[in-house]
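> Need coordinates for the following:
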Amino acid sequence: MEKNLDNVYVVLIEPKNPGNIGASVRAMKNMGISHIRLVRPVDYREVVEQKKMGYRSQEIIKKSQEFDSLSNALAEISLVFLATQKKGKWKKNFITPEQAAKLILPRTLKEKIAIVFGREDSGVTIDESQLANYLIYIPSAVTYPSLNLSQAVLVILYEIYKLSTDNKKIADFPKMATKQKFERVTSNIWNLMKSLEIREENNGLFHRSLKRAMGRTIWTNADLAVIDRACKQVRWYIENRTNGEERGLK
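You can find the predicted model right below:
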């Protein structure tokens, strides 16, 4: 089962400490995960601290990828899990690392899965959190837990690795659409709502709720194609109705 772990990607948002990056890839190496993506990271590739903390794990560093935004880092990813300790209005319905592993492993048969970790000091923004399909919360014995970045990486990846060594047959699921396609359809729906003169700015209540709903939905490419077609049909109707009324063809 371990070969399926090749479809698991760790994504770090703006890591500020090279040592944390090194310790994270060392945790990855021990848990059989070999892909890491970094969003606007600090210099790390040749930094001594990173190499020291990432001992015997530099092959992961050599093929690491860097991106200018989380959205771009997740473009061809199908399912996104975000690890965060901060709850709020737009951060609800958390699952544990063990529950996440049970959702992740079956999907690795056909698609790429990302596990996202926020900034060491400030976590993630609301917009970034809305790119996730699921939010992971690591239980702790203290009221205000504060795990080191690499510790959080290790805890979650351990649960995935542990489950991957189980010889039980895992369920098969249809392949999900990528985050890039989800974002496109979300934009199509939002633009359609604006053409209907919805009285709300970008990032208002409906817009954020729409993004959250889309992120929590498990849809295939065929499913999204249906939504795309519906949006196009409504836009066509609006444009042709308007043109007809202007010509007096009511």
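
> When you work out contacts or count neighbours from here on, use the C-alpha atoms and nothing else.
Noted.

> Doesn't Phe81 lie inside a strand?
Yes. Checked against DSSP: H, G, I helix; E, B strand; the rest coil, Phe81 lies within a strand.

> can you tell me which residues contact it?
Phe81 makes contact with Ala100, Ile113, Ala114, Ile115, Val116, Ala132, Asn133, Tyr134, Leu135, Ile136, according to Cα atoms under 8 Å, 6 or more residues apart in numbering.

> Tell me where the chain has strands.
When secondary structure is read from DSSP state E, the chain shows strands at 8-13, 35-39, 65-67, 79-83, 94-95, 113-117, 134-136.

> Mind listing residues that contact the last one?
The set of residues external to strand 134-136 that reach it, using Cα under 8 Å, 6+ apart, is 80-84, 91-97, 100, 216.

> try the first one
Contacts with strand 8-13, where a contact means Cα under 8 Å, 6+ apart, come from 33-41, 70, 73, 108, 112-119, 124.

> What pairs with that strand, parallel or antiparallel?
Strand 8-13 pairs in its sheet with strand 35-39 (parallel), strand 113-117 (parallel), by DSSP bridges.

> Below-threshold pLDDT in this protein: ranges please.
1-3, 87-92, 144-145, 167-172, 242-250 (pLDDT under 70).

> repeat that for 80
Along the chain, the model assigns pLDDT under 80 to residues 1-4, 85-93, 142-146, 166-176, 182, 195-209, 211-219, 238-239, 241-250.

> Nearest the middle, which residue of the chain would you pick?
Val80 (2.9 Å; Cα atoms, centre = their mean).

> list the contacts for that residue?
By Cα under 8 Å, 6+ apart, Val80 lies in contact with Leu74, Ile113, Ala114, Ile115, Val116, Leu131, Ala132, Asn133, Tyr134.

> between those, which is closest to Glu49?
Ranked by distance to Glu49 (Cα to Cα), the contacts of Val80 are led by Val116 at 22.6 Å.

> Show me what that closest one is bridged to.
Here Val116, judged by DSSP bridges, has bridge partners Val11, Leu82.

> Can you give me the distance of it to Tyr9?
Distance of Val116 to Tyr9, computed by Cα to Cα, to the nearest Å: 8 Å.
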